[in-house]
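>>> coordinates only, sequence not included:
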């Protein structure tokens, strides 16, 4: 059973500055102090959870989504209610941004400026957390050697019964890329 999960990925951005000046969702747990102003990039579970936690703890928090809203592929009532509640609790939502173009660090290194692909700018940011994508944790498994087929992005190809193309080898969870971040391996 392949259920190794996934890991956060960070896009390079227009000038590779995103990888230099942002942290992944995993990096959130390594923060030494509460940022004064935080930007969370992403529209999935993790981005929404991190934005909510930061705002509840007192950080001025913005959520950057590529399209209209967070959890847009979920039940409409759920995503609409979430959208209203996040705003009611003070989270600033940047919509239809098509993502982050680049991040500029102030000369003093104390804050950052986040430039979005739609031209909007977020100033004086202490931390930028990228929670915009994950990749399957399969590199060390040597799947090609045993003939397990993979899809675009390295995800393991399965049928509706979680079977791979190799008899007796199954895959569930983030490694498949179907329903990500579901605790399938438990």
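Now that the structure is in, tell me what you want to look at. Not measured: the values here are computed from a predicted model.
>>> From now on I want contacts and neighbour counts done on CA atoms only, so please keep to that.
OK.
>>> Helices of the protein, residue ranges please.
17-21, 45-57, 76-88, 143-146 (DSSP state H).
>>> Quick one: closest of the ones you listed to residue 122.
helix 17-21 (14.0 Å; CA to CA).
>>> ok, back up a step: can I get the helices of the chain in CSV with mean neighbour count?
Shown next, in CSV, are these (neighbours: other CA atoms under 10 Å):
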stretch, mean neighbour count
helix 17-21, 17
helix 45-57, 18
helix 76-88, 13
helix 143-146, 10
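>>> got a list of what residue 147 touches?
Going by CA atoms under 8 Å, 6 or more residues apart in numbering, residue 147 touches 165, 166.
>>> Phi, psi for it please.
Here the main-chain torsion angles of residue 147 (degrees, to the nearest 10) amount to phi 90, psi 10.
>>> Next one: it relative to residue 176, how far apart?
Distance from residue 147 to residue 176, counting by CA to CA, to the nearest Å: 16 Å.
>>> so who does the residue nearest to the spatial centre of the chain touch?
A centroid search over the chain (CA atoms, centre = their mean) returns residue 131, at 2.1 Å, as the residue closest to the centre. Residue 131 sits next to 8, 9, 10, 24, 25, 40, 41, 42, 43, 44, 46, 47 when contact means CA under 8 Å, 6+ apart.
>>> 7 Å instead?
Going by CA atoms under 7 Å, 6 or more residues apart in numbering, residue 131 touches 8, 24, 25, 40, 41, 42, 46, 47.
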